[in-house]
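Colleague: test case, fold it:
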Amino acid sequence: MNDREPSKVFLIDFHTTSTTNMYKKLRMLLQKAGMQQIDFNKKFIAIKIHFGEPGNLSYIRPNYAMQVVKEIKKLGGNPFLTDSNTLYSGRRSNALDHLDSAYENGFSPFSTGCHVVIADGLNGMDFREIDIAGEYCKSPKIGSAIADADVVISMNHFKGHEQTGFGGAMKNLGMGSGSIMGKKEMHSSSTPLIDKDNCTGCGVCIKSCRHGALSLDEDRKATINEALCVGCGQCIASCQFDAAQVDWNSTPDELNCRIAEYAKAVLKDKSHFHINFIMDVSPDCDCWTSNDIPIVQDIGIAASFDPVALDHACVDLVNQAPVIAGSPFATKAAHHQEVDKFKIVHPHTNWRSCLEHAEKIGVGVMDYELITVG
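Modeller: Predicted structure coming up:
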């Protein structure tokens, strides 16, 4: 059982006045939460962020990144925005397409005040192995730009996620910082299933697979070569007939634990600070090329030195908030006694396993003290 004191999590809402805008409120949050206590002077500062898959509009606005960059520069730091390439095929699976996507969504040196660096290089193979002697991952493979940075600041869009329940600081740090090889390791136990009854033989999943793991059998039904499959889930995302499915019986908890261990590797021997944006709380990840109506109204921005406590506080804030009427989630919620909104949206996920394992291995604690500022 955890015997540490609860971690402090600081929160601002989105209410503004004629004299106080969100720029000022965000800067106040950073000050109250103590980000300035970090020694930034002449250090490389990796600001880990998700640039959003083009077509998805629920990612964090680059305007917020600009404010964080300004504060770090005031303290003498050398910040850069960063993310690692994706395992699935899309517009962020190599550094050139990834940079184009970041710029298209507004994350350029001109709009944010700092450069964009794709952490694991041109094709996702530039990484450092960081020894943590983990239960699932002995030496996580972290994108070099993040591993080589002196300080890590995470800026996280808090929303639902189809495999982990929700995506917040831990997901952005762990999965988001892993190189292509690292993402393969985290997904290594999650080979999808094919429901032959649902398969139409359209072949879209075959075209979407970067690893040649899918083919059509003699009945023109999709089949997976498990020796080639890396478990990235791209076939699940691309299938319009619910034929490619996650094998929920074995994967969610282990995936979450691997993400926690990757997050531990990212933060090892580094100063770090974390900011969750509880806005546009979409049901699914920003990796999709679209986003649905949010689960709840915008709540606020929360910050902490502890990513575990921060994520736990944000889950509670979302669960305490009223459901948006007319959203797809509202229809689902009407038929459930469950109060955990992320469990209702993705019933086969278990977000607690990530936070519990992260606490067990010393990343942070789940207990928190929520302090509202402003």
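Colleague: do you know how far K8 is from H157?
Modeller: 22 Å (CB to CB, to the nearest Å). Quick note: C-beta positions are derived from backbone N, CA and C, even for glycine.
Colleague: which of those two has more neighbours?
Modeller: Here K8 and H157 are set side by side on neighbour count (other CB atoms under 10 Å), and the busier one is H157, at 24 against 19.
Colleague: what residue ranges in the chain score low on pLDDT?
Modeller: Counting by pLDDT under 70, the chain has low-confidence residues at 1-2, 189-190, 237, 246-251, 337.
Colleague: top helix in it by residue count?
Modeller: helix 252-267 (DSSP state H).
Colleague: list the helices and strands it packs on?
Modeller: Under the contact criterion of 3 or more CB pairs under 8 Å, 6 or more residues apart in numbering; DSSP states H and E, the helices and strands touching helix 252-267 comprise strand 141-143, helix 169-177, helix 180-186, helix 352-360.
Colleague: give the buried residues for the last one.
Modeller: Of the residues in helix 352-360, 352-359 count as buried by neighbour count, 16 or more other CB atoms under 10 Å.
Colleague: can you check the shortest one too?
Modeller: Neighbour-count burial for strand 141-143, counted by 16+ other CB under 10 Å, picks out 141-143.
Colleague: tabulate the residues you listed (a markdown table), appending distance to K32.
Modeller: As requested, these are exported to a markdown table (distance: CB to CB, whole Å):
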| residue | distance to K32 |
| --- | --- |
| K141 | 36 |
| I142 | 30 |
| G143 | 31 |
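Colleague: the stretch 251-374 of the chain: strands as residue ranges?
Modeller: With DSSP state E, counting those that start in this stretch applied, the stretch 251-374 of the chain shows strands at 271-278, 300-304, 368-372, listed in chain order.
Colleague: about what we covered before: closest to D39 among the buried residues of helix 352-360?
Modeller: Ranked by distance to D39 (CB to CB), the buried residues of helix 352-360 are led by A358 at 24.9 Å.
Colleague: what about the closest residue to the closest one other than its chain neighbours, how many neighbours?
Modeller: Closest residue to A358 apart from its sequence neighbours, by CB to CB, 6 or more residues apart in numbering: A260 at 4.0 Å. Look at A260: counted by other CB under 10 Å, it has 30 neighbours.
Colleague: which stretches of the protein form helices?
Modeller: Defined through DSSP H, the helices belonging to the chain, from first to last, are 22-33, 62-74, 95-104, 109-112, 144-147, 169-177, 180-186, 204-208, 234-238, 252-267, 307-320, 328-333, 341-345, 352-360.
Colleague: quick revisit: K48 is nearest to which of the helices and strands packed on helix 252-267?
Modeller: Minimum separation from K48 across the helices and strands packed on helix 252-267 (CB to CB) falls at helix 169-177, 5.9 Å.
Colleague: which strands and helices sit next to that closest one?
Modeller: strand 44-48, strand 151-157, helix 180-186, helix 252-267, strand 271-278, helix 307-320, helix 352-360.
Colleague: what sits against the residue most central in space within the chain?
Modeller: Of all residues in the chain, the one closest to the mean position by CA atoms, centre = their mean is N172, 3.1 Å from it. In this structure, N172 makes contact with 48-50, 154-156, judged by CB atoms under 8 Å, 6 or more residues apart in numbering.
Colleague: turn the helices of the chain into a markdown table, columns for distance to L228.
Modeller: As requested, the helices of the chain are arranged in a markdown table below (distance: least, CB to CB, whole Å):
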| stretch | distance to L228 |
| --- | --- |
| helix 22-33 | 45 |
| helix 62-74 | 37 |
| helix 95-104 | 23 |
| helix 109-112 | 39 |
| helix 144-147 | 26 |
| helix 169-177 | 21 |
| helix 180-186 | 11 |
| helix 204-208 | 12 |
| helix 234-238 | 12 |
| helix 252-267 | 19 |
| helix 307-320 | 34 |
| helix 328-333 | 34 |
| helix 341-345 | 31 |
| helix 352-360 | 27 |
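Colleague: these: which one's closest to E135?
Modeller: E135 lies closest to helix 252-267 among those, at 7.1 Å (CB to CB).
Colleague: and that closest one with strand 271-278, angle?
Modeller: On the basis of axes from the mean of the first three to the mean of the last three CA atoms, to 10 degrees, helix 252-267 is oriented at 130 degrees to strand 271-278.
Colleague: quick one, helix 252-267 and helix 352-360 angle?
Modeller: Note on geometry: by the same axes, to 10 degrees, helix 252-267 and helix 352-360 are set 40 degrees apart in direction.
Colleague: how far does helix 252-267 sit from the chain's center?
Modeller: Averaging C-alpha positions (CA atoms, centre = their mean, to the nearest Å) puts helix 252-267 12 Å from its chain's average.
Colleague: deepest of the helices of the chain, which one?
Modeller: Across these, the average number of neighbours (mean count of other CB atoms under 10 Å) peaks for helix 169-177, which reaches a mean of 30.
Colleague: what about dumping the CA coordinates of that one to PDB?
Modeller: The C-alpha trace of helix 169-177 is given here as PDB (Å, rounded to 0.1, in the frame of the first residue of the first chain):
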ATOM      1  CA  ALA A 169      -0.100  12.300 -19.100                       C
ATOM      2  CA  MET A 170       0.800   8.600 -18.700                       C
ATOM      3  CA  LYS A 171      -0.300   7.700 -22.200                       C
ATOM      4  CA  ASN A 172       1.400  10.700 -23.800                       C
ATOM      5  CA  LEU A 173       4.600  10.100 -22.000                       C
ATOM      6  CA  GLY A 174       4.700   6.300 -22.300                       C
ATOM      7  CA  MET A 175       3.300   5.400 -25.700                       C
ATOM      8  CA  GLY A 176       3.900   8.800 -27.200                       C
ATOM      9  CA  SER A 177       7.700   8.800 -26.400                       C
END
